[in-house]
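Peer 1: everything below, folded, please.
(one chain, ligands or ions: 2)
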Amino acid sequence: KLASREFHPEDTVFEVKGVKIGGEQVVVIAGPCAVESREQILEAAQKVKEAGAHMLRGGAYKPRTSPYSFQGLGEEGLKYLKEASEKTGLPVVTEVMDIQTLPLVSEYADVLQIGARNMQNFPLLHAVGESQKPVLLKRGMSSTLEELLMSAEYILTHGNQQVILCERGIRTFENYTRNTLDINAAPALKMLSHLPVFIDPSHGTGRWELVEPVSRAAVAAGADGLIIEVHPRPDQALSDGAQSLTPERFASLMKTLVPVALAV
Ligand code: PEP
Ligand code: MN
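Peer 2: Ligands and ions are numbered 1, 2, ... in the order given. This next block holds a predicted model:
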């Protein structure tokens, strides 16, 4: 299998606009769940950049449980993301939800995010596999690691080798947290695969208070990077406010990661 360690014993390392993914450095992607306005994403981008983030996240197309919830700004959101990226130098990670919008999203994204709900959308995997954009592939909320790896395989077999595997929590009987972050996924995926492995402690917990300790655990467990939701005003967020850090809390989290990263 193309994703397996057996096939490719060395860690896969690639660069996204000068940011090395899968190398020595822990890479932090930060930003709001969704792009809500020009001001919001510009402020978020500038603050996460100041705190030391390496890439900017923000959804313009949002896979919401309810059709009545904010669905994202679409192309307008992509334009604001691009402006935020140009102002800060941070590459953009944003979700692509379907094949129809893939060409448009690809014009703005530096990394295409495949959301948990689309992990087994095989035609979409095929299409991003044909694109030459790096892909952040999130684990489905009820998918096994083997299924995640097989989804990565769809992208790799279509010619795209730049794939990041992302653990974002799975559904269990526990409901204190939004999902149960499977910390096992970090070392297990690193053993099974050469691909870089990221952890999403925001969706993995659903609670901002847990994001910092769980981020440290992820780095200690060998994750190559983190994707963290940060909003200038989480209490006013149109999505995922409860799990979003303020820029100040994000800055303090970044400081506490340093000694952990040095120890692994
Ligand atoms: C997100 O990153 O905001 C998101 C929708 O993530 P997931 O697909 O993991 O639920
Ligand atoms: Mn979110």
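Peer 1: run through the residues that contact the residue nearest the centre of the chain.
Peer 2: Within the chain, the residue whose C-alpha comes closest to the C-alpha centroid is residue 227; the distance, by Cα atoms, centre = their mean, is 4.5 Å. Residue 227 sits next to 28, 29, 30, 57, 93, 136, 166, 198, 199, 200, 202 when contact means Cβ atoms under 8 Å, 6 or more residues apart in numbering. The C-beta positions use only the backbone N, C-alpha and C, and glycine is treated the same way.
Peer 1: inside strands: which ones of those residues?
Peer 2: Where the contacts of residue 227 overlap with strands, as defined by DSSP state E, the overlap consists of 28, 29, 30, 57, 93, 136, 166, 198, 199.
Peer 1: what about the third one, how many residues nearby?
Peer 2: The reference is to residue 30. Around residue 30 there are 30 other residues, counting by other Cβ atoms under 10 Å.
Peer 1: again with the fourth one
Peer 2: As a burial measure, residue 57 scores 30 neighbours (other Cβ under 10 Å).
Peer 1: hey, what's the residue nearest to it when sequence neighbours are not counted bridged with?
Peer 2: Sequence neighbours aside, residue 31 is the residue nearest to residue 57 in space, at 4.0 Å (criterion: Cβ to Cβ, 6 or more residues apart in numbering). Judged by DSSP bridges, the bridge partners of residue 31 are residue 229.
Peer 1: residue 31 against residue 48, yeah?
Peer 2: Yes: under the criterion of Cβ atoms under 8 Å, residue 31 makes contact with residue 48 at 5.9 Å.
Peer 1: relative to residue 131, how far out is residue 159?
Peer 2: Between residue 159 and residue 131 the distance, using Cβ to Cβ, to the nearest Å, works out to 9 Å.
Peer 1: looking at those two, which is more packed in?
Peer 2: Taking other Cβ under 10 Å, residue 159 and residue 131 do not tie; residue 131 has more neighbours (20 against 10).
Peer 1: bridging across strands, which residues link to residue 21?
Peer 2: residue 14.
Peer 1: what sits against whichever residue of the stretch 51-200 of the chain sits closest to ligand 1?
Peer 2: Of all residues in the stretch 51-200 of the chain, residue 115 sits closest to ligand 1, with a separation of 3.0 Å (Cβ to the nearest ligand atom). For residue 115, the contact set (Cβ under 8 Å, 6+ apart) comprises 63, 95, 97, 138.
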